[in-house]
Structure formats: C-alpha cells, structure tokens
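Peer 1: Got a predicted model here, sequence first, then my questions.
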Amino acid sequence: MRKILSLALVLGGLTSALLGCSDDSDENSSGASGAAGSGGGAAGNPGDDGKEDQVYPEAAGPALGEMKAGWNEIQPGGETACSKGSPFRFFVRPGASDKVVVEFSGGGACWNDATCPLAAAASVFTETVETPDYVGDEAKAKGINDHSRADNPVKDWTHVFIGYCTGDIHTGNNTRTYTDPNSKEQVTINHKGAANARAVLSWVFKNFQDPQQVLVTGCSAGGYGATFWAPHVKRRYKQSKIYHFSDAAAGVVSPSFFAEINESWKPQGVYPSYIPGSDPSVKANLSSFYNAVGAFFPDMPMAQYNTLKDGTQALYFNFVTGQDAGAWSKLMLGEMDAIRASSKNFSSYVAPGDTHCAIPNDDFYKAAAGDKTLAAWLGEMLQDKKPENIACPECK
C-alpha cells in the first residue's frame, strides 16, 4: 500500500470510528453497471451451469494484432469510471496469441465513513489510474512485469494490466456518499470496479477466442480482484487452462467486513451466482469462497502467496478489529489450512518477513522460503505441476 506510514498516522486515532460508524448517507446507483451495452462481440457466455449474471459490454479498443510492440493504453469509456470521475484505463503488452496474463492492480480500499473521506490525505486507496513506470520505459519493469527475464514464467505471454481507482477491490457496483466523522464533510465515491473489470475482460474475450492458458493474478486489492474474477474467466473459457494466483490478499478481516462491503460496494453481482456458497458474507470469511470455487472448478489451480507478518494486511486488520499482527498471522495461517483442507487444487506459499506484495518487484525472483523462488513456484503451476505448499519454519 502506498504511503503506509501516512495512513497509520491519519487512521491511528480512528479505530473506534472504523469499528462503529454507519453509512446512512448514501446514494445507490440504479441499474447494473455491467449490464449496459451488452453487444454481441463480447456478451456473456451463458451455459448450463447456472444463471448468467455476467453480461459484458461491447469490447472497446484496438485489436491485439493492431497494437504496437511494448505497452499500449486503452480507455474503454462506456460505463467505466474512477472514484471521482476521471477516466479508467488498462494496459496491454502484446505477446503470445494463445497465452495471456490478466493482472489486477493493487491500490487499497475504502468502505465506510472512516476510510473513504481519507483517500487523498492518507492514500487509503488510489483515486485515479496510475500509469506504471514500465509502460513508458520497460527497463524499469520488475517482477512479473519484466518480460526480459528468462526466469519469468510468463515472459512471452500477452500481458493485460487492469488499472485500479475505485476503492472496491475491483468488485463494486455502487455510487455512495460518505461523511467524515470529524469534519462532517461529504465525499462521493464511484465504486465501479465491476464495470471496469468487465470492460477489460470483454476486450480479452474478444481478442482471445480459445487461448491455451490464462493466468488471472494480482497483488493486494488486485489479489482480491483476481480471486473474485477468476471463476468468471474459467466459465468463459471452458476448454482452456485457467490459473488463479493471489499475492498478499489473504482475506483476514473483521467478521462483519463482507456484510459491510455488500452494503457499501454492492459486489453481489460479481459473486458467481452459479456457484453455490460463493457469497463470502454468508460465512464471513474468504476461505468459503475459495472452497466453493474449488469444488465447482476442481481443474482450475488456485494459489496464494503471503508473508507471515505482512505489514499492510496486518495494519488494516488492526484498524477494523484492534488486534495485533500476531493475531492476523495466526488467522491467516488458519485460512490457508482451511482452504487446503477442502480444495485439493489450492497451493500456498508463506514466506517470512513483513513485506507486502511480491509479484510487482524482484522479490518474485528471490527464494523467500526454502530454495524455491516464487517465480519458479508459480512456473510449476503454469506447467500443470501442482506446486508443493511452502512455509518457512516459523510460518507453520
């Protein structure tokens, strides 16, 4: 998370407000943000496995074959929007025509009166799509975005990077007004992450008719985006190999969190209604979502990476529960155990330390636990070899 020290200073005195404030002042947007403009080019792909609840807009932007080498920017317009109305953007780096990485950007979140009014002051979440440095200069690329490295398991793949600016972990379908508990000033946020994600996936579905492999990934808020959207990608590409990998998005939150975001963000249209038990608010944990998806799509590998004392995840956990990093670590390990116990297609990598996110930087190529780098570990999954569960001695 950006400017985490600033965030701690600003929110440090608001724990009680964060726990107890209500969001009575809201403006709920009407209509489903992803339902408008359901043109034939990339409309949803109804099947026989449940209600079709993902209607995609007509794909916007140049075709893959028309793009220049290196990174290309697309502003799809339509129903897409950032939190304060600035344009939503995504980026595409052409590569293989049958292998594609769909990467969701991180960038924080807000969901109530204590967090949303502080977006600008404390970088609780990014309000506009930030263009990554490597888009203009690939020499600055690191981690999974560095396509020059021989040890990058997706170095030759087409890479789609989904910008983030809505504070809703890529799932929202609501416009809401929040009130600062101290100043009483109001701020209106477009939680339109679902519309933005659908616009990108529409472009992917149009340009990759029958891909061999698709990796759906992201770190932090992007890790949650990858988790919630991967089953929809899998449902679209029934004959393709789809892989899910979430970095630093363990879902260890307060028991009321998923119920709160159902009210603030209205993400219910992203929860796959065709998968029984996939609404995480029912059991108040993310492991229930993983287990429901794992049971429905047993041939879709799923994986998570976390550090034992992730400073950013533990800080947000402290804000909403008052509990310390040790409590977060214990619950995180418990969640990993719960998913592995019920989902045989799930693998986890838990590293020592307190860093947040590995795939956007060169920690991706360092052996954090044992002698296997995260890049090599992920590479095994992409070679259809189920990676072993890795945890440092103190992480078990």
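Peer 2: Okay, I see it.

Peer 1: Can you report how many residues neighbour residue 384?
Peer 2: As a burial measure, the neighbour count of residue 384 was computed by other C-beta atoms under 10 Å and equals 10. Just so you know, the C-beta spots here come from the backbone N, C-alpha and C atoms, and that holds for glycine as well.

Peer 1: Would you confirm that it contacts residue 241?
Peer 2: Yes - the pair residue 384 and residue 241 passes the contact test of C-beta atoms under 8 Å, sitting 7.1 Å apart.

Peer 1: Only alpha carbons, please: show stretch 221-233 as CSV.
Peer 2: Taking Å, rounded to 0.1, in the frame of the first residue of the first chain, the C-alpha atoms of stretch 221-233 are listed here in CSV:
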residue,chain,number,x,y,z
ALA,A,221,-6.5,-5.2,-3.8
GLY,A,222,-5.6,-6.8,-7.2
GLY,A,223,-5.2,-10.2,-5.5
TYR,A,224,-8.9,-10.0,-4.4
GLY,A,225,-9.8,-8.9,-7.9
ALA,A,226,-8.1,-11.9,-9.3
THR,A,227,-9.8,-14.2,-6.8
PHE,A,228,-13.3,-12.9,-7.5
TRP,A,229,-13.0,-12.7,-11.3
ALA,A,230,-11.0,-15.9,-12.0
PRO,A,231,-14.1,-18.2,-11.9
HIS,A,232,-15.8,-16.0,-14.5
VAL,A,233,-12.8,-16.3,-16.7
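
Peer 1: gap between that stretch and the chain center?
Peer 2: A distance of 5 Å separates the C-alpha centroid of stretch 221-233 from that of its chain, computed with C-alpha atoms, centre = their mean, to the nearest Å.

Peer 1: Could you number the chain from 47 rather than 1 from now on?
Peer 2: Renumbered: residue one is now 47, and that last one reads stretch 267-279.

Peer 1: Give me the neighbour count for the residue nearest to residue 321 when sequence neighbours are not counted.
Peer 2: Nearest residue to residue 321, sequence neighbours excluded (C-beta to C-beta, 6 or more residues apart in numbering): residue 342, at 4.5 Å. Using other C-beta under 10 Å, residue 342 has 19 other residues around it.

Peer 1: And residue 342, how far from residue 285?
Peer 2: Distance from residue 342 to residue 285, counting by C-beta to C-beta, to the nearest Å: 16 Å.

Peer 1: list the contacts for the residue nearest to residue 113 when sequence neighbours are not counted?
Peer 2: Nearest residue to residue 113, sequence neighbours excluded (C-beta to C-beta, 6+ apart): residue 140, at 5.0 Å. Applying C-beta atoms under 8 Å, 6 or more residues apart in numbering to residue 140 gives the contacts 110, 113, 115, 118, 204.

Peer 1: Among those residues, which one has the most neighbours?
Peer 2: Counting neighbours by other C-beta under 10 Å, the top entry in the contacts of residue 140 is residue 204, with 23 neighbours.

Peer 1: The strand or helix carrying that one pairs with which strands?
Peer 2: Under the assignment given by DSSP states H and E, the secondary-structure element containing residue 204 is strand 203-208. Within its sheet, strand 203-208 is paired with strand 136-139 (antiparallel), strand 142-150 (parallel), according to DSSP bridges.

Peer 1: In TSV: the ones you listed, plus mean neighbour count and distance to residue 383.
Peer 2: Shown next, in TSV, are the strands paired with strand 203-208 (neighbours: other C-beta atoms under 10 Å; distance: least, C-beta to C-beta, whole Å):
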stretch	mean neighbour count	distance to residue 383
strand 136-139	23	35
strand 142-150	23	25
